[in-house]
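[1] Here's my sequence, what's the structure:
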Amino acid sequence: MNKLFITLSILMGVVVLSSNYLVQFPINYYGLSEILTYGAFSYPVAFLITDLANRFYGKFVARKIVYFGFFIGIIFTLLFSTDFADLISIRIAIGSGVAFITAQLLDIQIFDRLRKKKWFIAPLTSSFIGSTVDTFLFFSISFYATGVPWITLSLGDLAVKLFVSLVMLIPFKILLTVTSQSKFNTKIYKIRFCKLA
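    Here you go, the predicted structure:
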C-alpha cells in the first residue's frame, strides 16, 4: 500500500503541474482559442486517481493522497510554471490550488456517499460535480477582470472535462476488475497454502 500511495500521490502532483502549465495555452484550431485550453484534457485524470484511492482504501487514504498531491503540485507549479513577474501566472497558481483542494475534497465526500451504488455512479457523479466546481473556481480566480474570455473558456473547458470523465470510466472499471481479481487470486492462494500446511 505504501508504494501505491506514493505512486498515486506523485501522479497527482504531475497531473496538477501539467494541467497548470497546459491551461495557459488555448487550442488555436477550429475557432477554439476562446473556449478551450489543453489543460482540460489532462486534469480529469486527477479525479480518476482520487476515485481509485477512495474505492480501494477509503476516503481517509484518498484525502492523504489529495493533500500530498496538492503539496507536490503546488511546489512544482511555483518552481517550474509560475512567472512571478506576471500577475496572471500568480493568479493561476492560486486559482489552481484553491480549485484543486476544494473540488478534490468534494469529490471524495460525494464518492464515499455513493460507493455502495452501481460501480459507475460514484466516480461519474463525483467527477462531474467536482469538475464543475473546479472549473468555475479556477477560471474565475485566475482570469476574472483580466481581459481573458474566462466564461467561454470555462464552459469549453468543462465540456471537455465532462467528456474525459466519461472516458475515464473505462480505465476505472479495468483497474477495478484487475485489482479485484488479483485480491481474489491471493485469497485462493492463501487458502490452498493453509490447507497444504
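
[2] tell me, what residue is most central in the protein?
    When Cα atoms, centre = their mean is applied to the chain, the residue found nearest the centroid is Ala46 (1.7 Å).

[3] Spatially nearest residue to that one, not counting backbone neighbours?
    In this structure, Ala46 finds its nearest non-sequential neighbour in Val15, 4.7 Å apart by Cβ to Cβ, 6 or more residues apart in numbering. C-beta coordinates here come from the backbone N, C-alpha and C atoms, glycine included.

[4] Burial check on that neighbour, number of neighbours?
    Neighbourhood size, Val15 [other Cβ atoms under 10 Å]: 21.

[5] start to end distance for stretch 17-37?
    End-to-end span of stretch 17-37 (Cα to Cα, to the nearest Å): 15 Å.

[6] now it: how far from the chain's centre is it?
    Distance, stretch centre to chain centre, for stretch 17-37: 18 Å (Cα atoms, centre = their mean, to the nearest Å).

[7] Just the residues contacting that stretch, thanks.
    For stretch 17-37, contacts defined as Cβ atoms under 8 Å, 6 or more residues apart in numbering pick out 38-43, 46, 72-73, 76-77, 80-81, 89, 92-93, 96, 138, 142, 149, 152-153, 155-157, 160.

[8] Quick check on the residues you listed: which are buried?
    Buried members of the contacts of stretch 17-37, counted by 16 or more other Cβ atoms under 10 Å: 38-43, 46, 72-73, 76-77, 81, 89, 92-93, 96, 138, 142, 149, 153, 156-157, 160.

[9] Next, count neighbours for Ile170.
    Ile170 has 9 neighbouring residues, counting by other Cβ under 10 Å.

[10] Same question for the one 3 residues further on.
    Lys173 is flanked by 13 other residues according to other Cβ under 10 Å.

[11] Now Ala103. Nearest residue, chain neighbours left out?
    Asp134 (3.5 Å).

[12] Check whether that neighbour sits in a helix, strand or coil.
    helix (DSSP: H, G, I helix; E, B strand; the rest coil).
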